[in-house]
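Trainee: only the shape, not the letters, is given here:
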C-alpha cells in the first residue's frame, strides 16, 4: 500500500480489525507503522509525536526548516515568520510552551547568536526595562547607519528609531528621542545639546549640505528633485525633523534651496487646498506658459483636453473656476 493511500489509523481501527494485541506489542501506532513501512514516515507525519520528542532541539529545528521550505521561506525570513499564530498553525504548540510561549527564545535556542531580539516583531515582556539591552541596540543602529556618536542628538530621530523597531522603547520615554538617549548615555550628552540640535535645520547651509549628500547618495539628477522629494522620502531617510522646518512641505524646502527653478506641478503632491487660491492658480499657469515660451495667441488652446494630453496632473487646476 502506498503511503498516501494509508487510511487514518486509530486505536479503534485496530480493535475493529482485532489487531489490538499487535498494537499493544509495539506500544504505539507510530512505532508500529514505522516498523511496517520502514523509512516512509517521520515522527511529525503523525498527529502525536513520541513522548519527549520535542525535548531535543534538533528535532524542532529539523521540522521547523521543513516547514520553512514547504511555505517558501528562507533563513532570512525567520524573524518575520516566527510569530505565535504562525508557529501554532505549523504544529509548534509544544515547543513554544517549552520556551515560555516566546518565539524569540525558541528561535535563539534553535539558532544561537544568529538573531537579535529586536529583529523580531515583538520583544519579550519587560525586555526594554534593562537599559543594557536598549543601549546595545542603539549602538548597533549607530554602527549600521555609520553615525558619529557625538552627532546622536542631531541625527537620531523618532523616525530612525521606529524604522529599527524601537517604537515600544520610545513609548517608554513619551516618544522623545532626547529623553531616551539621555537616559541611556547620561554622562555623554546634556539636554542643552538636544535643544541646539533642534535649531540645526534653521541654518540653511546645514540644510544645503544634507540635501547635496542626499542627491549624491541616491543618484538623483537635479531635474528630478520634485519627483523624488516627498514627505515619505524624508521620513525614510530619518530626516523628518528637517522637513518639519518647512511645514512638512517638500515644495517649501525645494523653493528655499532652488528658488524659481521648479514648477508646482512638477511635484508629486501639492499642499492641501492649494488650488483653492486664485493667486496660486494664476501663478502656476503663468509659470507653465513662461517656461514653454508660449505666445499670447496660443492661450485659447490651453483647455482641458490639452492638459489631459500634455500634463494630466494639471487638470485639477483647470477644473477650478
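Mentor: Alright, I've got the coordinates. Just so we're clear, the structure is a prediction, and the values are computed from it rather than from any experiment. Numbering: from 1, shown residues only.
Trainee: from what I see, residue 184 and residue 133 are in contact.
Mentor: No - checked against C-beta atoms under 8 Å, the pair residue 184 and residue 133 is beyond contact range at 10.3 Å. (Glycine included, C-beta is placed from N, CA and C.)
Trainee: which one of these two has more residues nearby?
Mentor: The neighbour comparison of residue 184 against residue 133 (other C-beta atoms under 10 Å) goes to residue 184, with 20 against 17.
Trainee: between residue 184 and residue 133, what contacts are shared?
Mentor: Residues within reach of residue 184 and of residue 133 at once, by C-beta atoms under 8 Å, 6 or more residues apart in numbering: there are none.
Trainee: which residue ranges form the strands in the stretch 151-300 of the chain?
Mentor: With DSSP state E, counting those that start in this stretch as the criterion, the stretch 151-300 of the chain has no strands.
Trainee: which residues of it score low on pLDDT?
Mentor: Low-confidence segments of the stretch 151-300 of the chain, defined by pLDDT under 70: 195-198, 238, 240, 271-272, 299-300.
Trainee: helices along that one, start to end?
Mentor: Along the stretch 151-300 of the chain, the segments classed as helices by DSSP state H, counting those that start in this stretch run 152-155, 158-163, 167-171, 177-184, 191-198, 204-217, 225-228, 231-236, 240-244, 250-257, 278-291.
Trainee: where does the prediction get shaky in the stretch 1-150 of the chain?
Mentor: 1-10, 13, 17-20, 23, 26-28, 30-34, 37-50, 118, 121-124.
Trainee: what's the neighbour count on residue 95?
Mentor: Residue 95 has 21 nearby residues by other C-beta under 10 Å.
Trainee: what's near enough to touch it?
Mentor: Taking C-beta under 8 Å, 6+ apart, we find residue 95 in contact with 54, 60, 87, 106.
Trainee: make TSV from those and add secondary structure and distance to residue 192 to it.
Mentor: Formatted as TSV, these follow (DSSP: H, G, I helix; E, B strand; the rest coil; distance: C-beta to C-beta, whole Å):
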residue	secondary structure	distance to residue 192
54	helix	56
60	helix	52
87	helix	48
106	helix	45
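Trainee: mind picking the two most distant members of the residues you listed?
Mentor: Spanning the widest gap among these are 54 and 87, at 12.3 Å by C-beta to C-beta.
Trainee: what residues does stretch 229-241 touch?
Mentor: Residues contacting stretch 229-241 (C-beta under 8 Å, 6+ apart): 145, 155-160, 163, 198, 201, 210, 214, 242-243, 248-250, 253-254, 267-269.
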